[in-house]
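[1] sequence below, structure please.
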Amino acid sequence: MSRIGKTVLVTGAAAGIGEGIAERFAEAGYAVAAFDIDGNGAKRIAERLCAHAPAIAIQGDVAVETDAQEAVARTMAEFGRLDVLVNNAGIEINGSVTALTSSAWDRQIAVNLRGPFLMSKYAVASMRGRGGAIIHISSVHAWVSWPECAAYDATKSALIGLTRAMALDHGPDNIRVNAICPGYIDTPLMEKWLASVPDREDTMRQVLGCHPLSRIGTPRDVAEAALFLASDAASFISGASLTVDGAMSVAGH
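    Residues are numbered from 1 along each chain as shown. Coordinates of the predicted model:
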């Protein structure tokens, strides 16, 4: 076991926003535990990050309690400490409440809400005595809604409530808890969605038109926000929700 500087555990680290967050923290000198249901993807990321800082890959499902517990335990065993947890893992299964199957609803709740609960449960126990930061990756869907997003909207809204509750409960342990609410971000998930629409170019024009900054976000944009919230510069920020959406939501979209 190597005892080094600060350590971050990132869920859903194999691609998209999670990959961007893991990479940015590694560049900042954090040891990184990359946790993902895609074990090969997590391994690929960890191997690349080793050019910047120590990194390990952990394969598992955030919605499975033993996997969540093991992810924290392995991080502690490898690095000797856990300073930051980023609950990024999430899925989106579209549909109204009448269209969604019960299993699809349950799976989205399991990954998007049960996962952060379980990861936080074991991370808090490891942070007590030293303090730390927990960051939930929510969404602008916590504040604004689109059709056919019933389960996704419900989980992302619930993460804001969880953020507030945890900030109150664990502030005395010097554990800060905040949320980030990204808008449209250029990720493989967005690419998959664009591939499914009838007219990709027209859809992309509409998306860009929703953003006063005239661009969509990148994983790096979210990663910079996460790094700030984890840093000493944010030492008096807890229970907050930081929107990272290029002013899309305040523009009424």
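[2] use CA for all of it now, contacts and neighbours both
    Will do.
[3] got the contact list for the helix or strand where Arg74 lies?
    In this assignment (DSSP states H and E), Arg74 forms part of helix 65-79. Residues from elsewhere that reach helix 65-79, judged by C-alpha atoms under 8 Å, 6 or more residues apart in numbering: 1-4, 7, 9, 31, 33, 35, 58, 60-62, 81-82, 115, 118-119, 122-123, 126.
[4] which parts of it are buried?
    The neighbour-count check on helix 65-79 (16 or more other C-alpha atoms under 10 Å) flags 65, 67-73, 75-76, 78-79 as buried.
[5] make CSV out of these and add pLDDT and distance to Thr187.
    Converted to CSV, the buried residues of helix 65-79 look like this (pLDDT from 0 to 100; distance: C-alpha to C-alpha, whole Å):
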residue, pLDDT, distance to Thr187
Glu65, 98, 27
Asp67, 98, 25
Ala68, 98, 24
Gln69, 98, 28
Glu70, 98, 28
Ala71, 98, 24
Val72, 98, 26
Ala73, 98, 29
Thr75, 98, 26
Met76, 97, 30
Glu78, 97, 30
Phe79, 97, 29
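[6] which residues in this protein form helices?
    16-27, 39-49, 65-79, 102-109, 115-127, 150-170, 188-196, 200-209, 219-230 (DSSP state H).
[7] most tightly surrounded among those helices?
    Highest mean neighbour count among the helices of the chain (mean count of other C-alpha atoms under 10 Å): helix 16-27, with a mean of 24.
[8] taking helix 115-127 as reference, get the angle to the helix holding Arg74.
    Orientation of helix 65-79 against helix 115-127 (axes from the mean of the first three to the mean of the last three C-alpha atoms, to 10 degrees) gives an angle of 40 degrees.
[9] might you calculate how far helix 65-79 sits from the centre of the chain?
    Mean-position distance between helix 65-79 and its chain equals 17 Å (C-alpha atoms, centre = their mean, to the nearest Å).
[10] do the same with stretch 159-167
    Its chain's average C-alpha position is 14 Å from that of stretch 159-167, according to C-alpha atoms, centre = their mean.
[11] tell me the mean pLDDT over it?
    Averaging pLDDT along stretch 159-167 gives 98.
[12] and the nearest residue to Thr243 once chain neighbours are set aside, what pLDDT?
    Spatially, and ignoring its direct neighbours in sequence, Thr243 is nearest to Cys181 (4.5 Å; C-alpha to C-alpha, 6 or more residues apart in numbering). Per-residue pLDDT puts Cys181 at 97.
[13] what about the chain, any weak spots by pLDDT?
    Where the chain drops to pLDDT under 70, the residues are 1-4, 193, 253.
[14] repeat that for 80
    Applying pLDDT under 80 to the chain flags residues 1-4, 145-146, 188-194, 196-197, 203-204, 207, 209-210, 252-253.
[15] kindly list the longest strand within it.
    Secondary structure of the chain per DSSP state E: the longest strand is strand 175-182.
[16] chain center to that one: distance?
    On C-alpha atoms, centre = their mean, the centre of strand 175-182 falls 9 Å from that of its chain.
[17] who does it pair up with?
    Within its sheet, and counting by DSSP bridges, strand 175-182 is paired with strand 132-137 (parallel), strand 241-244 (parallel).
[18] what residues are up against Thr203?
    Counting by C-alpha under 8 Å, 6+ apart, Thr203 makes contact with 194, 197.
[19] still on that earlier bit, deepest in the core, which of the strands paired with strand 175-182 is it.
    Sorting the strands paired with strand 175-182 by mean neighbours (by mean count of other C-alpha under 10 Å), the first place falls to strand 132-137, with a mean of 27.
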